[in-house]
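Student: for reference, the sequence and a predicted model appear below.
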Amino acid sequence: MAKKRVAVIFGGQSSEHEVSRVSAQSVIENIDKSKYDVIMIGITKEGQWLTYDGPANKIGSGEWLQLAQADLKEKKQNALLLAAQNQQADTASRNFNDITVSNTARAIFTESSAEPIDVVFPVLHGCNGEDGTIQGLFELAGLPYVGCGVLGSAVGMDKAYTKIIFEKEGLPQGDYLVFNRKQVNFRTEEVMEEIEGRLTYPCFVKPSNAGSSVGVSKASNREELKRALEIAARNDRRILVEEFIDGREIECAVLGNDNPIASTVGEVIPCNDFYDYEAKYQVGDDSKVVIPAENLPADTVQKIREYAVRAFKCLDCAGLSRVDFFVHKVTGEIYINEINTLPGFTQISMYPKLWEASGIPYTELIDRLIELAYERYEDSKREFTNQ
């Protein structure tokens, strides 16, 4: 049986660029090489797409970029340049009917001397990778791809709209307010008064579209609130302010398409005041992950797993997601916090570790996700007839 050609895309124009590289390296190093040939495509912080055929262990550190750029100078080709060259070619010497959005999009994922790509595995986190934008490109190219579609990705990335849908679904969550950048910049006092009238200190201030806790602040007074609003507004045009819930941070992984399954649950014990970017990626082993979470009643665990599947389905997610919760330390009440449609995928990330604890090892998990990509692709096909 011929191997499938899998394009693993990493990097991207996002505040989570570095996290994406580490995740991608883990996927590439652990994918079943007897079943798949891997095409590595990196997106720089400036938005340049580069094919890369060097050692996978250079991706996480960022060393891949210099090697790919040197290769580009030598070969004069890369994935995105191929599409650009096709567009700039003299149309008089070509069949104009071949110049289509679909063909151009597909050319981005095709090397000039290689076989066509069969499936795309985007290992991208944050904006321009997890928010439906690149998923739309995959759709235009007519390629199967791992993960949620355009709708699930876009809504899952926007925390404010996610909350609206969760509320409609009847999932329990904390109180919140949403503002835009202009309100924060030009009506700062009014915004703070509205927050103080609705919520109590401390509260959390977040960019609506960001991941890995980038731009998230905890505000315990008006001075900190003003600063938190300014930070969030620099990261997104929409700002979310949430009530503080004194809870344990519990996470659950979901796998599947129309009939998803939930993993066991794990607990994050952050080294900082909350699980911010520094606690996740910059302080070594000080933050702790406990899988399965300890001292949680069985009915609480079951309810979290049920809520995770409901959250996944109500956003029309596909493939994978990680759903994060709070369990109140005193009352034991469960609150859904957010969903991550392309969670961290390193070998020590919560998503693969939750599945490993649930009986699905890392390499098998990658294989299942690729199979789910094909399943979703076939299920999403439309028939068009000329009337």
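Tutor: In hand now; what should we look at?
Student: ignoring the adjacent residues along the chain, who's closest to Gln69?
Tutor: Leu50 (6.9 Å; C-beta to C-beta, 6 or more residues apart in numbering). All C-beta spots, glycine's among them, are computed from the backbone N, C-alpha and C.
Student: now swap in Phe345 and tell me
Tutor: Spatial nearest neighbour of Phe345, excluding adjacent residues (C-beta to C-beta, 6+ apart): Ser23 at 3.9 Å.
Student: tell me where the stretch 151-300 of the chain has strands.
Tutor: In the stretch 151-300 of the chain, the strands defined using DSSP state E, counting those that start in this stretch lie at 176-180, 203-207, 217-219, 238-243, 247-256, 261-269, 288-290.
Student: partners of the residue nearest to Gln69 in the sheet?
Tutor: Beta bridges link Leu50 to Gly42 when assigned by DSSP bridges.
Student: what secondary structure does the closest residue to Gly344 other than its chain neighbours sit in?
Tutor: The spatially closest residue to Gly344, leaving aside those adjacent along the chain, is Ser23, at 5.7 Å (C-beta to C-beta, 6+ apart). Here Ser23 is recorded as helix under DSSP: H, G, I helix; E, B strand; the rest coil.
Student: which residues of the protein fall in helices?
Tutor: 17-30, 64-75, 79-88, 101-108, 133-141, 150-157, 159-169, 181-186, 188-198, 222-235, 277-281, 298-314, 350-357, 362-379 (DSSP state H).
Student: turn those into TSV, columns for mean pLDDT.
Tutor: What follows is these, written out as TSV (pLDDT from 0 to 100):
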stretch	mean pLDDT
helix 17-30	96
helix 64-75	84
helix 79-88	45
helix 101-108	64
helix 133-141	93
helix 150-157	96
helix 159-169	96
helix 181-186	95
helix 188-198	97
helix 222-235	95
helix 277-281	47
helix 298-314	98
helix 350-357	97
helix 362-379	97
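Student: of those, which is nearest Val38?
Tutor: Closest to Val38 of those, according to C-beta to C-beta: helix 17-30, at 5.6 Å.
Student: the residue nearest the centre of the chain and Ile360: what is the separation?
Tutor: Closest to where the C-alpha atoms of the chain average out (C-alpha atoms, centre = their mean) is Leu342, at 2.8 Å. The gap separating Leu342 from Ile360 is 18 Å, by C-beta to C-beta, to the nearest Å.
Student: do Gly319 as well
Tutor: Going from Gly319 to Ile360 by C-beta to C-beta gives 14 Å.
Student: can you list residues touching both of the two?
Tutor: Residues within reach of Gly319 and of Ile360 at once, by C-beta atoms under 8 Å, 6 or more residues apart in numbering, are Leu255.
Student: what about these two, which has more around it?
Tutor: The neighbour count for Gly319 versus Ile360, taken as other C-beta atoms under 10 Å, is higher for Gly319 (27 against 18).
Student: the more buried one touches Pro260, doesn't it?
Tutor: No. Between Gly319 and Pro260 there is no contact under C-beta atoms under 8 Å: 9.1 Å.
Student: re earlier: can you check the pLDDT for the residue nearest to Gln69?
Tutor: Leu50 carries a pLDDT value of 89.
Student: neighbours around it, how many?
Tutor: Around Leu50 there are 21 residues (other C-beta under 10 Å).
Student: kindly report the same for the one 5 residues further on.
Tutor: Using other C-beta under 10 Å, the number of residues around Pro55 comes to 13.
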